[in-house]
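Trainee: Next comes the sequence, and after it the predicted model I'd like to discuss.
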Amino acid sequence: MATVYQKPHALTGKPFHYCPGCTHGIIHRLVAEVLDELGIEGTTVGVASVGCTYNSYEYFNCDMVQAAHGRAPAVATGIRRSLPDRQVFTYQGDGDLAAIGTAEIVHAATRGEKITTIFVNNAIYGMTSGQMAPTTLVGQVTTTTPFGRKPELHGYPVRVCEMISTLEGAVYVERVAVNNVANVRKAKAAIKRAFKVQMAGLGFSIVEVLSICPTNWGMNPQKSLEWLEQNMMEHYPLGNFKGKDLEV
Amino acid sequence: MGERLLMKGNEVIAEAALRAGCRHYFGYPITPQTEVAHYMAKKMEQLGGTFVQAESEVAAINMVYGAASCGVRAMTSSSSPGISLKQEGISYSAGAELPMVIIDIVRCGPGLGGILPAQCDYFQMVKGGGHGDYSLPVLAPCSVQEMYELVVEAFNIADRYRNPVVIMGDGYLGQMMEAVTFRDEEPIYKADKSEWATTGSELKRDHHTVTSIYIEADVLEAHNNKLQRKYAEIKKNETRVEEFNCEGADVIVTAYGTVARIVKNVIKDAEKEGIKVGLIRPITLWPFPSESFEKYAGKCNDFLCVEMSAGQMIEDVKLAVNGRSAVHFYGRTGGNVPSQPEILEQIRRIMAEK
Ligand SMILES: Cc1ncc(C[n+]2csc(CCOP(=O)(O)OP(=O)(O)O)c2C)c(N)n1
Ligand code: SF4
Ligand SMILES: [Mg+2]
């Protein structure tokens, strides 16, 4: 019988600890499938960040380094500069990347570091129980915006891809979502392309993945997907921001 | 013996690191250590090494963390306010057991303070400015020649114990020019990092992980116990101290770095007045050379600790002397340096009170 579906080699097989319905697991799998298909698991070093995926090093089969909150792009810079013939990726949440780690991601991008960032935007701080993230939408209720995010009190949600795509060192910038099968396929294609851009030595690549956090959004997974489609996609339009036509 | 050159302390730091095989430097400009970066920027490009001017000290130390994870000799240099920013990364590096060298050319504080020399980083370096139970070897040279030798040694200690190592010098040591004699060949400790470094598995081995997080209490405690055993080993093997003129001394002065050099002149001045002054110069601030103090405590009745700070090392001196002798203190701050006459006056006062 032909095998049509199996665990990617680049995943260890350790069961994920993520909440039921959480899309972090899907995104892990997509990254692992890309490592498999490009044949680069053995030449890749990943950087885990601080958030619900702090221990993604237990799930990815490639060599992994755990970084302090927000510092993954700096750690990845040190790795990539030491291993010029390897691939390096960071896996970061929106609190990690767009709040405490804003300086690190902006400067890794502007230096054109040959790394790939998988940026998981779930509009909330998942791990620390649902506080406002820089990406939290206006009106969204979180544990630190109990009456909804108000611009006059809490400012506005940041659009990372739009911002990063203004930097010359960032050569591939795309926003995807994992809310349905078609989008999951597109997400995987974007992640693959981002790694290829890195392998071609072209510069910094980032894929922002819109993701759900049923636990802290206080909705079941299906409602969460609907909320993502109806609210997040409006503020965070999917699509390529840079590097669509790169030859890789 | 090899080349003898007249060089600035900061340049010697960089040259020593290169001679020790360091090809990865990450830093952010700050006075009074910036010449380290200038030297590295030039040499690394010529040698095909890595020089990155990071966006902050926070980023720089994390770049070192990444490079050290891959097993290469990596370093950063900074001065007091910059070191404050690095403390997060230093704690993570100690937890993840990453060999690296961190240079602190100390300036006066607190806050932005000033750019003049000081020794007021003793607490943040020796006692651990970052969070958690960790220790770092802290080497304190007192001359440009010793700076060179200790920087090379720092890389060896770092690799031998898989631990960050600090070189702490006051601003004078970074800025002054002195003759330095280089060895033709450096004594390099070659560590086998193949068991843990994250260099890519080539699918030929299990994947490696560099991390400082251990969520379960017992696992983290076991990790901490392992670190403490390592620190005990470092204490046993790496404590360095210079004792001078201590046997039968009326007063033993203790000082490190530039201040210790001034004290050596004071010893001559005091001798002319018939006062025998000894010197204990800690070369490693951690591990602290407590045994040297224990040896003379109770025999010499008066110790005088002189620092370019409001009194930081004196805490370790008191712990070592443990009440068996009086411990006096003299310090200057703000970039002022305790002068030869000032220190001599302190000694005269102690003698008068005897
Ligand atoms: C320096 C520091 N500050 C705060 C924290 C606490 N903390 C852990 S995870 C986290 C937020 C993570 O949110 P995000 O990056 O969005 O990841 P998610 O859990 O949503 O995937 C915070 C604030 C920490 N670990 N370190
Ligand atoms: S808290 Fe949210 S982001 Fe974290 S695992 Fe649960 S659902 Fe996923
Ligand atoms: Mg989040």
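Mentor: That came through fine. Residues are numbered from 1 along each chain as shown, chains lettered A, B, ... in the order given. Ligands and ions are numbered 1, 2, ... in the order given.

Trainee: And stretch B:206-219, what's buried?
Mentor: Neighbour-count burial for stretch B:206-219, counted by 16 or more other C-beta atoms under 10 Å in any protein chain shown, picks out B:207-213. Glycine gets a C-beta too; all of them are placed from N, C-alpha and C.

Trainee: Find the residue closest to residue 70 in space, skipping its chain neighbours.
Mentor: No chain specified, so I'll use chain A. Spatial nearest neighbour of residue A:70, chain neighbours left out: residue A:101 (2.5 Å); criterion: C-beta to C-beta, 6 or more residues apart in numbering or on different chains.

Trainee: Not quite, go with chain B.
Mentor: Spatial nearest neighbour of residue B:70, excluding adjacent residues (C-beta to C-beta, 6+ apart): residue A:82 at 4.1 Å.

Trainee: What pLDDT does the model give the residue of the stretch 201-350 of chain B found nearest ligand 1?
Mentor: Closest residue of the stretch 201-350 of chain B to ligand 1, C-beta to the nearest ligand atom: residue B:213 (9.2 Å). At residue B:213, the model reports a pLDDT of 98.

Trainee: ok, it - contacts?
Mentor: A:54-55, A:66 (C-beta atoms under 8 Å, 6 or more residues apart in numbering or on different chains).

Trainee: And for residue B:119?
Mentor: Applying C-beta under 8 Å, 6+ apart, the residues contacting residue B:119 are B:106, B:170, B:256-257, B:259, B:307-309, B:312-313.

Trainee: repeat that for 6 Å
Mentor: B:106, B:170, B:307-309 (C-beta atoms under 6 Å, 6 or more residues apart in numbering or on different chains).

Trainee: Sort out for me which of those residues are in strands.
Mentor: B:106, B:170, B:307 (DSSP state E).

Trainee: Tell me the spacing between the last one and chain A.
Mentor: With distances taken as C-beta to the nearest C-beta, to the nearest Å, residue B:307 is found 32 Å from chain A.

Trainee: Repeat that for the second one.
Mentor: Applying C-beta to the nearest C-beta, the value for residue B:170 to chain A is 29 Å.

Trainee: is that residue in a bridge, and if so with what?
Mentor: residue B:106 (DSSP bridges).

Trainee: Could you give the number of residues near it?
Mentor: Other residues near residue B:170 number 31, with proximity taken as other C-beta atoms under 10 Å in any protein chain shown.

Trainee: Can you name the residues of chain A sitting close to chain B?
Mentor: Those residues of chain A that sit near chain B, judged by C-beta under 6 Å from any C-beta of the partner chain, are A:42-43, A:45, A:57, A:61-66, A:68, A:71, A:74-75, A:77-79, A:81-83, A:86, A:103-104, A:107.

Trainee: circling back to that earlier point, now flag whichever of the contacts of residue B:213 is closest to chain B.
Mentor: residue A:66 (3.7 Å; C-beta to the nearest C-beta).

Trainee: show me the contacts for the closest one.
Mentor: Contacts of residue A:66 (C-beta under 6 Å, 6+ apart): A:48, A:57, B:211, B:213.

Trainee: average pLDDT for the strand or helix carrying residue B:221?
Mentor: Assigned by DSSP states H and E, residue B:221 belongs to helix B:217-238. Throughout helix B:217-238, pLDDT has a mean value of 98.

Trainee: Give me the three-state assignment for residue B:82.
Mentor: Secondary structure state of residue B:82, per DSSP: H, G, I helix; E, B strand; the rest coil, is helix.

Trainee: And the pLDDT at it?
Mentor: 98.

Trainee: quick one, strands of the stretch 151-300 of chain B?
Mentor: Secondary structure of the stretch 151-300 of chain B (DSSP state E, counting those that start in this stretch): strands at B:164-170, B:177-181, B:209-210, B:241-244, B:251-254, B:277-282, B:284-286.

Trainee: would you turn those into a markdown table with distance to ligand 1 and mean pLDDT?
Mentor: Converted to a markdown table, the strands of the stretch 151-300 of chain B look like this (distance: least, C-beta to the nearest ligand atom, whole Å; pLDDT from 0 to 100):
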| stretch | distance to ligand 1 | mean pLDDT |
| --- | --- | --- |
| strand B:164-170 | 19 | 97 |
| strand B:177-181 | 41 | 97 |
| strand B:209-210 | 17 | 98 |
| strand B:241-244 | 37 | 98 |
| strand B:251-254 | 37 | 98 |
| strand B:277-282 | 33 | 98 |
| strand B:284-286 | 25 | 98 |
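
Trainee: Save the ones you listed as CSV, and put in distance to ligand 3 too.
Mentor: Output for the strands of the stretch 151-300 of chain B, formatted as CSV (distance: least, C-beta to the ion, whole Å):
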stretch, distance to ligand 3
strand B:164-170, 31
strand B:177-181, 52
strand B:209-210, 23
strand B:241-244, 51
strand B:251-254, 52
strand B:277-282, 47
strand B:284-286, 39
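
Trainee: Count residues in the vicinity of residue A:78, would you?
Mentor: Neighbour tally, residue A:78, other C-beta under 10 Å: 34.

Trainee: Please enumerate the helices of the chain.
Mentor: Went with chain A since none was named. For chain A, helices defined by DSSP state H occupy the ranges A:24-38, A:72-82, A:94-95, A:102-110, A:151-154, A:160-164, A:181-199, A:214-217, A:221-227, A:233-235.

Trainee: that's the wrong chain, I wanted chain B
Mentor: Under DSSP H, chain B gives helices at B:9-19, B:34-47, B:57-69, B:80-95, B:122-126, B:144-161, B:171-175, B:217-238, B:258-272, B:290-296, B:314-321, B:340-353.

Trainee: Now do the nearest residue to residue A:9 once chain neighbours are set aside, the pLDDT please.
Mentor: Spatially, and ignoring its direct neighbours in sequence, residue A:9 is nearest to residue A:36 (5.4 Å; C-beta to C-beta, 6+ apart). Here the pLDDT value assigned to residue A:36 is 98.

Trainee: hang on, residue A:36 packs against residue A:11?
Mentor: No. Counting by C-beta atoms under 6 Å, residue A:11 is not a contact partner of residue A:36; they are 9.1 Å apart.

Trainee: sorry, back to before: export the strands of the stretch 151-300 of chain B as JSON lines, with columns for distance to residue B:67.
Mentor: As requested, the strands of the stretch 151-300 of chain B are arranged in JSON lines below (distance: least, C-beta to C-beta, whole Å):
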{"stretch": "strand B:164-170", "distance to residue B:67": "13"}
{"stretch": "strand B:177-181", "distance to residue B:67": "27"}
{"stretch": "strand B:209-210", "distance to residue B:67": "11"}
{"stretch": "strand B:241-244", "distance to residue B:67": "32"}
{"stretch": "strand B:251-254", "distance to residue B:67": "37"}
{"stretch": "strand B:277-282", "distance to residue B:67": "30"}
{"stretch": "strand B:284-286", "distance to residue B:67": "24"}
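
Trainee: Compare these and give me the one nearest ligand 2.
Mentor: Across these, closest to ligand 2 is strand B:209-210 (C-beta to the nearest ligand atom), at 20.3 Å.

Trainee: Tell me who's in contact with residue B:201.
Mentor: Here residue B:201 is in contact with A:42, A:63, B:207 (criterion: C-beta under 6 Å, 6+ apart).

Trainee: give me the residue from chain A nearest ligand 3.
Mentor: Nearest residue of chain A to ligand 3 (C-beta to the ion) works out as residue A:93 at 3.8 Å.

Trainee: neighbours around the closest residue to that residue other than its chain neighbours, how many?
Mentor: In space, not counting the residues next to it along the chain, residue A:93 is nearest to residue A:51; the distance is 3.5 Å by C-beta to C-beta, 6+ apart. The number of residues packed near residue A:51 is 24, by other C-beta under 10 Å.
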